[in-house]
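# task: produce atomic coordinates for the following.
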Amino acid sequence: MDNERGTVRSARAGVTNAPPDRARLPRSRRPVGEPADPGSSSPWILMYHSVAVEEEDPYQLTVSPERFAEQIAWLHKRGRRGVSVRELMRARAHGRDDKLVGLTFDDGYADFARYAVPILQAYGFTATAYVVADLLGQDNGWDTEGPRKKLLTVEEVAELAVAGWEIGSHGLGHRALPGLAADDLAVQTRESRRLLEEVVGGPVTGFCYPYGAVDAPAALAVRDAGYDYACAIAHSPLTGRFALPRCYVGDRDGAWRLRAKKGRHRLRDAVTELRRRRGTRAERAVTERRS
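As a prediction, this is how the structure comes out:
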């Protein structure tokens, strides 16, 4: 644990002591609501948290290893391949994502390496683990009514990155971003990225909003921190590259429920796009009247 804290502490010092011109990341020119690809649909991304055996699960965040293996086998039988969001976004940019589904694991629980990784490897799948940069090696203290779950350590995160698993940021301390001041948003997004980049020894380009909570200032902060994309949960007016919707997956989700959730995702996509187009037409009409 001393080595873990030492690594995180040195990473934090690197941020704090960076010269002003190096501490600022370039602003992205991408609009926050930009679609995730040239088409109008959002990629299908599944949202997991913990894969383990738990007697108590008040937040319904845990999927048993047996059920998880069934879900992954179902995807494989349907000709789908689970990939990291980083790989999914790259494939969509080239129109090669028809059979891909994004697999994400929020919070960075240690059981990801113990249970999920071996099952995914057996099928040649990959995934993204979103970790809380300032809590590596600790536990999920934010879940006050749930069981304490160990989080991945600094060494485990580094090993996963070397093995090819995408590591994304889940903020510094699992704080919801909406409502935070601009300076706090910058710290949560930029510093968490810098900390993790020192740990993994490479770029961290994906962000996941704690609790799935996102508003316009939060999405702008993520974009301006230099991330390539960000994951939310629900469809919303912000749906796009910096607020990708995801499908929650729980222990009760078998083949029938997963098929239903895929259909629901498509329906919500269509409704979101329809509302977006109506809003665009309304804005144009107002502009024309004013001119």
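# low-scoring stretches of the stretch 51-200 of the chain, by residue?
Within the stretch 51-200 of the chain, not a single segment meets pLDDT under 70.
# for Gly168, see how far away the spatially most central residue of the chain is.
Taking C-alpha atoms, centre = their mean as the criterion, Cys208 is the residue nearest the geometric centre of the chain, at 3.5 Å. Applying C-beta to C-beta, to the nearest Å, the value for Cys208 to Gly168 is 6 Å. All C-beta atoms are positioned from the backbone trio N, CA, C, and that covers glycine.
# pull up the overlap in contacts between these two.
Tyr130, Cys231 (C-beta atoms under 8 Å, 6 or more residues apart in numbering).
# which residues are in contact with Ala225?
Leu25, Ala186, Thr189, Arg190, Arg193, Phe207.
# tell me where the chain has strands.
45-48, 50-51, 62-63, 81-83, 100-107, 128-131, 166-169, 206-208, 229-231, 247-248 (DSSP state E).
# what residues are up against the closest residue to the residue nearest to the centre of the chain other than its chain neighbours?
Nearest non-adjacent residue to Cys208, counting by C-beta to C-beta, 6 or more residues apart in numbering: Tyr130, 3.8 Å away. Going by C-beta under 8 Å, 6+ apart, Tyr130 touches 104-108, 167-170, 206-208, 231.
# look up how far Ala91 lies from Tyr130.
20 Å.
# same question, Leu177
Counting by C-beta to C-beta, the gap from Leu177 to Ala91 is 28 Å.
# contacting residues around Thr189?
Taking C-beta under 8 Å, 6+ apart, we find Thr189 in contact with Ser169, Gly171, Leu177, Phe207, Ala221, Val222, Asp224, Ala225, Tyr227.
# will you turn the residues you listed into a markdown table that also has distance to Glu198?
Shown next, in a markdown table, are the contacts of Thr189 (distance: C-beta to C-beta, whole Å):
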| residue | distance to Glu198 |
| --- | --- |
| Ser169 | 12 |
| Gly171 | 16 |
| Leu177 | 22 |
| Phe207 | 17 |
| Ala221 | 21 |
| Val222 | 19 |
| Asp224 | 21 |
| Ala225 | 15 |
| Tyr227 | 16 |
